[in-house]
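Participant: Let me see the structure of the following:
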Amino acid sequence: MFGRRPGLDDLVQEVFAEAASTYDALRAPEAVRSWLATIAVRVTRRRLNRLRLYSLVGIASPVDYEQIADSTASPYDRALAATVYRALEGLAVDDRIAFVLHHVEGETLEEVAMLSGCSITTAKRRILRARTALERRLSDD
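Facilitator: Residues are numbered from 1 along each chain as shown. Below you'll find the model as predicted:
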């Protein structure tokens, strides 16, 4: 969801720090995966919104999209990942999160809605908006 290698370690630490501080809220140990994923979505959303604000005021660090894909990926796959994440940067944060959860992470619509804290209808709408915007942006390239 984050789409940036620099800062990823900090993001993971922030997720686990928030998880540690709210561990008492976990009522069912079997729900730890969805509980942690919900925290990760919330922290990522905050971070992406902050980066968008930094970009608007001109203090955002440049992103090297070529570093997003794993180093073992083929040059084609690395270029494709860079193109997709460059296009994702232009989406609304909630649309981007819903799209990545569903199409990259393989989450069901129900899981996307639960992790995003919205209804299934809203999750569908966000995914469709993101897909439409990405198709338009990627067809222009």
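
Participant: How about residues contacting the longest helix anywhere in the chain?
Facilitator: Among the segments of the chain that qualify as a helix by DSSP state H, the longest is helix 32-56. Outside helix 32-56, the residues within contact range by CB atoms under 8 Å, 6 or more residues apart in numbering are 1-2, 7, 11, 14-15, 18-19, 22, 25-26, 60, 93-94, 96-97, 101, 111, 114-117. Quick note: C-beta positions are derived from backbone N, CA and C, even for glycine.

Participant: model confidence over whatever helix or strand comes next after that helix, on average?
Facilitator: Secondary structure here is assigned by DSSP states H and E; on that basis, the next helix or strand after helix 32-56 toward the C-terminus is helix 75-88. Confidence for helix 75-88, expressed as mean pLDDT, is 89.

Participant: for helix 75-88, packing partners?
Facilitator: Packing contacts for helix 75-88, counted by 3 or more CB pairs under 8 Å, 6 or more residues apart in numbering; DSSP states H and E, involve helix 120-140.

Participant: any idea how far V43 is from L101?
Facilitator: 14 Å (CB to CB, to the nearest Å).

Participant: Neighbour count for those two, which is higher?
Facilitator: For V43 versus L101, the count of surrounding residues by other CB atoms under 10 Å is larger for L101: 24 against 21.

Participant: Contact partners for that one?
Facilitator: Contacts here follow CB under 8 Å, 6+ apart; on that basis L101 touches M1, V41, E107, E111, V112, L115, S116.

Participant: Which member of those is positioned nearest T72?
Facilitator: The shortest distance between T72 and any of the contacts of L101, using CB to CB, involves M1 and amounts to 21.2 Å.

Participant: so where's the protein uncertain?
Facilitator: Residue ranges of the chain with pLDDT under 70: 1-6, 141.

Participant: try 80
Facilitator: Under the criterion pLDDT under 80, the flagged ranges of the chain are 1-9, 24-27, 29, 31, 62, 140-141.
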